[in-house]
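Novice: Quick check, what structure comes out for this input:
(one chain, ligands or ions: 1)
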Amino acid sequence: MCGIIGYSGSFCAQKILLDGLEQLEYRGYDSAGMALQKSNGELFLRKKAGRVSVLREACEGAPINSVCGIGHTRWATHGGVNDVNAHPHNCGKVTLIHNGIIENYHEITAAFGFAGRLHSETDTEVAACLLDYLYQGDPFEALRQAVDILTGSYAFCILFADQPGRIFCIRNVSPLVAAHNDSGSFVASDLTALIAYGKSYFVVPEETVMTLSPEGISIRDLSGQPVEPEILTVDWNVESARKGGYPHYMIKEINEQPEALQNTVLPRLKDGLPDFTDEGIPDTLFASCDNITVIACGTAMYAGMVGKAVMEQAFKIPVSVHIASEFRYDTPLISSRTLTIVISQSGETIDTLAALRLAKACSSRTLAIVNVKGSAIARESDYVLYTHAGPEIAVASTKAYTVQLAVLYLIACRFSLLRGCFTADQGRKFIAALLSSSGAMEQMIRHDQAIREAVKTVKRSDHAFFIGRGLDYAFSLEGALKLKEISYIHAEAYAAGELKHGTIALIEERTPVVALATQEKIFAKTISNVREVRARGAAVILIVKEGAQVDPDIYDIRIDLPVSQDEFAVFPAAVSLQLLAYYTSDAKGLNVDKPRNLAKSVTVE
Ligand code: M6R
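Specialist: Okay, the predicted model is just below:
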């Protein structure tokens, strides 16, 4: 949470920071601010509650001629949303921006007597005071000492009044990437802010002090030794992080799913079957485990629920799915015979990272499914399978979900082959069906009339229910999450057979019920549950496979999925549920890409 950018070079820093903050706004949009430093050390601080556009307006009216500065977009944790709590924060010679949480800021305030110096309610301002207190003309030394005092997660970019043109950075857990090229030196919380300036970058190593200047970037570990970071190459282009003619990122990303699925699956096939050896993942990892634990948050966790259903069915070993924020404080029943799969689009969700560390401490082998290269979760897990979705900017996750599923299906296939549950021929058929899901998603995107019709029913209501059994239940969870997070309609996903044990009391005349009935084995059972809600007045939106025979009296709207095999229904179904949420939010005039109270990456507990 919170977007960070810093620049030191020879071009207009104000422009670079404002453009970068716009790219980073999905990390938090409570306030935005920047500090620009002139070559004589003079500092200009601008910060405003609200969107980056508010800051841009304030800055462009009175531009500052500077080639060095830091900028921040905030997701509020400590203190309300107002100008004073916005970053940067200044104390004496120190001006800084921060992503993360300083857990011991109360103790530091008391121990160093900072109370009288603070203007804001933020933990960040306390860190600025601490650094100013420790600073005796040597930024490295002040930072080295601060690291011993601060607890929590942080990525700081710091300007010192008497060090013009230089930005000092330090991080613990919270992400920072950096790059130097002909335009100067750049640092940011994520790559989307940097890709306009070049293809090479590196992940700033933890426990190092990094210094940016127009001439280059230097890094030293805390004992003062130089550190050479590993240079990586971005495989996204600038356009992939722009809207590209779409009204919102979310609809662009929904449209990108067919291609993202192909990009994720095809490079991993050998002779039509999945093979992960090029990614350094040995078959012994799969062959030698007795059970699988999947850990994630939100959408990624719901992808895990689908993965569980598919994996248990395919190779018949127990798979359990855990909410990371719960798992991390549990006493998990896992061992060296457990394969822990952690799933995260950003690779920086703090609860998922903590759960990964706990799984490793329990001797479990760990495999991460991650979208962002070089992210903390990718680096810390024993093995990583990247999803190749490209940047996902909309806060509501769409393409990350379907490619996470694709990787879980690949794993299911590889496991099944190794454990003798699939012949090579069966494996090839499974993979062919997976690849054809790309076409099914495409068709769903092109033929969305029924979904648009369903929006008219859903948008009028304050509540909606999603029901299904088995796999249908697993993907209805994600459908309900999508609807509530961007349309603010209370939506609940329920196992269809469980409804009459209480929840059916909430069904009233015209309550929207999105019923998924795509699974042959339990089709008739789900349809019975649909009749039960219909009898109580529900407005039923029924999602079934094309050709399914259903009495038209039991639904208001029918959405047909172009798919034949049950286990692949999730791909077009996911698209239909995403579009339902998207069009509903848009029809209500809401901010689809930046729903209230949310941010893209959840880096606080
Ligand atoms: O980056 P991660 O996949 O770890 O994020 C986990 C959740 O915060 C995320 O999936 C969230 O639920 C979605 N943005 C919802 O659409």
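Novice: Show me which residues of the stretch 451-600 of the chain are close to the ligand?
Specialist: When proximity is defined as C-beta under 6 Å from any ligand atom, the stretch 451-600 of the chain approaches the ligand at 481, 485. From N, CA and C alone the C-beta is placed, and that goes for glycine too.
Novice: Spell out the residue ranges of the helices in the stretch 451-600 of the chain.
Specialist: 471-487, 523-535, 570-587 (DSSP state H, counting those that start in this stretch).
Novice: what's the helix or strand containing residue 155 packed up against?
Specialist: For residue 155, the host element (DSSP states H and E) is strand 152-160. Under the contact criterion of 3 or more C-beta pairs under 8 Å, 6 or more residues apart in numbering; DSSP states H and E, strand 152-160 touches strand 3-9, strand 68-74, strand 94-102, helix 123-134, helix 139-149, strand 167-172.
Novice: re the thing from before, mind putting the helices of the stretch 451-600 of the chain in a markdown table, mean neighbour count and mean pLDDT included?
Specialist: Output for these, formatted as a markdown table (neighbours: other C-beta atoms under 10 Å; pLDDT from 0 to 100):
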| stretch | mean neighbour count | mean pLDDT |
| --- | --- | --- |
| helix 471-487 | 25 | 97 |
| helix 523-535 | 18 | 96 |
| helix 570-587 | 26 | 98 |
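Novice: would CSV of those helices with distance to residue 199 be doable?
Specialist: As requested, these are exported to CSV (distance: least, C-beta to C-beta, whole Å):
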stretch, distance to residue 199
helix 471-487, 33
helix 523-535, 49
helix 570-587, 31
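Novice: before we move on, back to that, quick one: which of the helices and strands packed on strand 152-160 is nearest residue 254?
Specialist: strand 3-9 (23.5 Å; C-beta to C-beta).
Novice: Parallel or antiparallel, list what pairs with the closest one.
Specialist: strand 68-74 (antiparallel), strand 184-188 (antiparallel) (DSSP bridges).
Novice: Please work out which of the ones you listed is packed deepest.
Specialist: strand 68-74 (a mean of 30; mean count of other C-beta atoms under 10 Å).
Novice: now for the helices and strands packed on strand 152-160, which one comes closest to residue 394?
Specialist: Nearest of the helices and strands packed on strand 152-160 (C-beta to C-beta): strand 3-9, 15.0 Å.
Novice: Count the residues that sit near residue 104.
Specialist: 15 (other C-beta atoms under 10 Å).
Novice: And it, what's its pLDDT?
Specialist: Per-residue pLDDT puts residue 104 at 95.
Novice: OK, contacts around the closest residue to it other than its chain neighbours?
Specialist: Spatial nearest neighbour of residue 104, excluding adjacent residues (C-beta to C-beta, 6 or more residues apart in numbering): residue 151 at 4.7 Å. By C-beta atoms under 8 Å, 6 or more residues apart in numbering, the contact list for residue 151 reads 102, 103, 104.
Novice: so residue 95 touches residue 158, yeah?
Specialist: Yes. Judged on C-beta atoms under 8 Å, residue 95 makes contact with residue 158 at a distance of 7.1 Å.
Novice: Who has more neighbours out of those two?
Specialist: Counted by other C-beta under 10 Å, residue 95 and residue 158 do not tie: residue 158 has more neighbours, with 28 against 25.
Novice: what is that one paired to in the beta sheet?
Specialist: Beta bridges link residue 158 to residue 96, residue 168, judged by DSSP bridges.
Novice: In CSV: the strands paired with strand 3-9, plus mean pLDDT and distance to residue 480.
Specialist: Shown next, in CSV, are the strands paired with strand 3-9 (pLDDT from 0 to 100; distance: least, C-beta to C-beta, whole Å):
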stretch, mean pLDDT, distance to residue 480
strand 68-74, 97, 29
strand 184-188, 98, 34
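Novice: Now distance to residue 169 too, for the ones you listed, in JSON lines please.
Specialist: Below are the strands paired with strand 3-9 laid out as JSON lines (distance: least, C-beta to C-beta, whole Å):
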{"stretch": "strand 68-74", "distance to residue 169": "9"}
{"stretch": "strand 184-188", "distance to residue 169": "6"}
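Novice: Looking at the protein, which residue is nearest the ligand?
Specialist: Distance from the ligand to each residue of the chain (C-beta to the nearest ligand atom) is smallest for residue 298, at 1.9 Å.
Novice: part of a helix, is residue 289?
Specialist: No. Under DSSP: H, G, I helix; E, B strand; the rest coil, residue 289 sits outside any helix and is assigned coil.
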